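Trainee: Give me a 3D structure for the following:
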Amino acid sequence: MLKSGPKALDRLITKFQVPTLMESQAGLVNWLATPMGQYLFHHEMQISSGGIFNVPGYRAAQLGISPAHSLLTGLQQEHKLILAPVFDSNAACVCDYQTLPLPSNTLDVVLLHHALEFSPEPHKLLNEVARVVAAGGHIIIIAFNPFSLFGFAKWAAGSFSTQQVWRHHSLRMARLVDWLQLIGFQIVTADRGGAMKGMRDSQINRDRQLSGWIRRRISAGAFFVIVARKQVVPLTPVRQTRWPPVKVPAFAGLKTVDKDSA
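Mentor: You can find the predicted model right below:
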């Protein structure tokens, strides 16, 4: 009995271990094609077109779990591109999100479409994105809300299902806000959206009856959106001022040397 305990714990940890996006992208693309995935993405599209993504700039990039599911249409930037961890015809560049092949301070907007929670090291990815965002630019984060029916379903469905969607980090909105503020970003908007939907109408009605008390106490939003602006620290110019002479009694008898005579 004592030996089986650690083995069961190891299997559970391995079950919920978050793989790299290179490994999980194909499975996530397939999940977004399911009715639940389509419903969730539809709500994300509604939010992106509702003015919340109305931020200034010229260059915008999306780093997400599916290059085929673009939310860049809600952005007003003229130059838009999609980055992907593996080859896809919808992606303009294939790269590792944690080592972006871009100079610092080059992008005005970076949209993270569920990229953080499906990254093995979300903090490192966020720091790398902050590096390429120009001063005054914005980071837009769309992530699953762990305090929702969808977030709670991760622990039950993830134990039995092999779908990649359940293998993600449960990142709280407050935690991401703290991360952004620590790396010099000011929060512009932080809101929840979407709702978990079952596969059939009969399931939806039954789920509403069984989980009505949960929906009233916990946010029903399956995802949340954060818009943060990179703060610009103004430089203080160094003024060329002459220091006033200080009279020291001990040096009163000393002669001063004239620079011209020297």
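Trainee: who's in contact with residue 189?
Mentor: Residue 189 makes contact with 52, 225, 226, 227, according to CB atoms under 8 Å, 6 or more residues apart in numbering. No exception for glycine: its C-beta is placed from N, CA and C like everyone else's.
Trainee: if you set the cut-off to 6 Å instead, what comes out?
Mentor: Shown in contact with residue 189 (CB atoms under 6 Å, 6 or more residues apart in numbering): 52, 227.
Trainee: Ok, residue 20 next?
Mentor: Contacts of residue 20 by CB under 6 Å, 6+ apart are residue 120.
Trainee: any idea how far it lies from residue 85?
Mentor: 7 Å (CB to CB, to the nearest Å).
Trainee: likewise residue 79?
Mentor: From residue 79 to residue 85 the distance is 21 Å (CB to CB).
Trainee: Look at the two and report which has more neighbours.
Mentor: residue 85 (24 against 11; other CB atoms under 10 Å).
Trainee: Sketch out the strands for the protein, chain order is fine.
Mentor: Here the chain has its strands, by DSSP state E, at 59-64, 79-84, 93-94, 107-113, 133-144, 185-193, 223-230.
Trainee: What strands line up against the third one, and which way round?
Mentor: For strand 93-94, sheet partners with direction are given as strand 79-84 (parallel), following DSSP bridges.
Trainee: which residues are in contact with the strand it pairs with?
Mentor: Contacts for strand 79-84 (CB under 6 Å, 6+ apart): 58-63, 67, 72, 90-95.
Trainee: thinking again about what came up before, pick out the shakiest of the strands of the chain, pLDDT-wise.
Mentor: Summarising mean pLDDT across these, the least confident stretch is strand 185-193, with a mean of 90.
Trainee: which parts of that one are buried?
Mentor: 185, 190, 192, 193 (16 or more other CB atoms under 10 Å).
Trainee: Surely the second one and residue 227 touch.
Mentor: No - between residue 190 and residue 227 there is no contact, the gap being 7.7 Å when judged by CB atoms under 6 Å.
Trainee: Distance-wise, check the closest residue to residue 99 other than its chain neighbours relative to residue 120.
Mentor: Spatial nearest neighbour of residue 99, excluding adjacent residues (CB to CB, 6 or more residues apart in numbering): residue 128 at 6.8 Å. Separation of residue 128 from residue 120 (CB to CB): 13 Å.
Trainee: Dump the strands of the chain into a markdown table; add distance to residue 36 as well.
Mentor: Output for those, formatted as a markdown table (distance: least, CB to CB, whole Å):
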| stretch | distance to residue 36 |
| --- | --- |
| strand 59-64 | 17 |
| strand 79-84 | 23 |
| strand 93-94 | 28 |
| strand 107-113 | 17 |
| strand 133-144 | 12 |
| strand 185-193 | 15 |
| strand 223-230 | 12 |
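Trainee: Which of the ones you listed sits closest to residue 163?
Mentor: strand 133-144 (13.4 Å; CB to CB).
Trainee: ok, back up a step: how about TSV for the buried residues of strand 185-193, with distance to residue 173 added?
Mentor: Shown next, in TSV, are these (distance: CB to CB, whole Å):
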residue	distance to residue 173
185	14
190	6
192	8
193	12
